[in-house]
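Asks: return a 3D structure for these sequence lines:
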Amino acid sequence: MELAILAASGATGLELTRQALQRGHTVTAIARTPDRITVADSSRLIRVAADVRDQRSIAAALAGQKIVLSGLGVARGDQPGALTAGARAVVAAQPQRAIWLGAFGTGPSARAAGSFTRTLVKLLGDELLDKVAADAAILDAGGTVFHAGPLSNGPLSSTRRTVSLGEAPKRLLPARVSRATVAAAMLDEAENPAYPGAVAIPLER
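Replies: Residues are numbered from 1 along each chain as shown. Model (predicted):
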């Protein structure tokens with residue numbers, strides 16, 4: 001399959017890119033600074049420079065892409081709005097499949113996360129509004145949004161699973177999940193869509 005990965009130089013984007021290549025896919029890896037996409041060169045890897053805040057560059061990078069996965073986050077020092085800009089760019093490109101990374105406890109998963117987590121995420125301020133708006137744009141376009149708990153750099157879980165929002169475990173705080181596990185879940189969705197137009201929850205057990 002041919003996949004486009006947005007924010008491919010970030011921690012989650014790099015994991016998406018590595019695993020996609022390991023699975024035999026052809027990857028267009030998009031980042032503001034492609035040199036920071038620190039995966040081994042491959043004939044199936046195309047590095048592309050684009051910025052979600054630059055409509056012309058991101059539109060060109062996403063043009064014709066049928067499956068788009070995003071590891072886009074908010075970098076330290078960035079002004080809110082990058083997530084919404086990225087989501088709108090993905091929607092405008094009209095891919096057949098859009099798979100987006102969100103955060104558990106925001107937007108649609110706020111109720112499932114419980115009152116304590118909802119209180120904590122409110123501290124995000126404008127960043128929370130950005131996350132919610134970006135998720136809504138992807139969901140409205142029929143894409144899939146993965147709401148993960150706090151991310152770790154741990155290994156891919158051998159007991160990983162993905163559940164619907166309605167099946168999310170009830171906990172005081174959301175469970176940590178490795179970026180490797182989240183990336184694998186997102187790639188599973190790219191290969192065999194199970195949650196179009198819905199929120200999915202990646203879990204390690």
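
Asks: every contact and neighbour count from this point should use C-alpha atoms.
Replies: Fine.

Asks: by mean pLDDT, flag the weakest helix or strand of the chain.
Replies: For the chain, scoring each helix and strand by mean pLDDT, DSSP states H and E identifies helix 115-121 as the least confident one, at a mean of 64.

Asks: got the contact list for the following helix or strand past that one?
Replies: Going down the chain from helix 115-121, the next helix or strand is helix 126-140, by DSSP states H and E. Outside of helix 126-140, the residues within contact range by Cα atoms under 8 Å, 6 or more residues apart in numbering are 74, 80-88, 90-91, 98, 100, 102-103, 106-107, 121-122, 144-145, 197-199.

Asks: 6 Å instead, please
Replies: P80, G81, L83, T84, A87, G107, G197 (Cα atoms under 6 Å, 6 or more residues apart in numbering).

Asks: mind listing what's buried in that helix?
Replies: Judged by neighbour count (16 or more other Cα atoms under 10 Å), helix 126-140 contains these buried residues: 127-139.

Asks: any weak-confidence spans in the protein?
Replies: Across the chain, the ranges flagged by pLDDT under 70 are 76-77, 114-126.

Asks: let's see that with 90 instead.
Replies: 73-80, 104-129, 131, 149-150, 169-176, 205 (pLDDT under 90).

Asks: tell me where it has helices.
Replies: 11-22, 55-62, 82-93, 110-113, 115-121, 126-140, 179-191 (DSSP state H).
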